[in-house]
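*Asks:* quick one: sequence plus predicted model below, questions after.
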Amino acid sequence: QVRLVESGGGSVQAGGSLRLSCAASGLTYSRYCMGWFRQFPGKDREGVAAIGSDGSTSYADSVKGRFTISQDNAKNNLYLQMNSLQPGDTAKYFCAADILVCSGLFFKVPVFGQGTQVTVSS
């Protein structure tokens, strides 16, 4: 069973940085995608950044050049470095994994963690 636990959220002023972490367990598969999604109040989750089993990365246009997704060599931990944060980045951020069908920011059957709140003040 896949389990994802996020940490690292918090409050920061505009222009600041935060690093989100996701501890993954149960990913005993040869091919899967991992990524970060975020959810604004009253909206559906949207893909922010993703990394494929081949190490390829994808980013939403709104975060390109500001956010960087990475994972450790053992692929047990996923990270999202967020720089130049803006109030519009305020959302709940979720770690996600998909072991079935995924391409870029598209995850067909994602498993999500419980989420971590990121709040950016102006």
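*Replies:* Cool, the structure landed.

*Asks:* if I look at residue 103, how far off is residue 52?
*Replies:* 8 Å (Cβ to Cβ, to the nearest Å). Using the backbone N, CA and C atoms, a C-beta is placed for each residue, glycine as well.

*Asks:* who has more neighbours out of those two?
*Replies:* residue 52 (16 against 13; other Cβ atoms under 10 Å).

*Asks:* how about the more buried one: what's its closest non-neighbour residue?
*Replies:* residue 33 (5.2 Å; Cβ to Cβ, 6 or more residues apart in numbering).

*Asks:* got phi/psi on the one you found?
*Replies:* Torsion angles at residue 33 (phi, psi; degrees, to the nearest 10) stand at phi -110, psi 150.

*Asks:* and what of residue 36?
*Replies:* Backbone torsions for residue 36, taken as degrees, to the nearest 10, come to phi -120, psi 130.

*Asks:* for it, name its beta-bridge partners.
*Replies:* Note on residue 36: beta-bridge partners by DSSP bridges are residue 49, residue 95.

*Asks:* count of residues packed around it?
*Replies:* Residues lying near residue 36 (other Cβ under 10 Å) number 27.

*Asks:* what do you get for residue 40?
*Replies:* 13.

*Asks:* ok, the nearest residue to it once chain neighbours are set aside - contacts?
*Replies:* Nearest non-adjacent residue to residue 40, counting by Cβ to Cβ, 6+ apart: residue 91, 5.0 Å away. For residue 91, the contacting residues are 38, 39, 40, 117, 118, by Cβ atoms under 8 Å, 6 or more residues apart in numbering.

*Asks:* that concludes my questions; thank you for your assistance.
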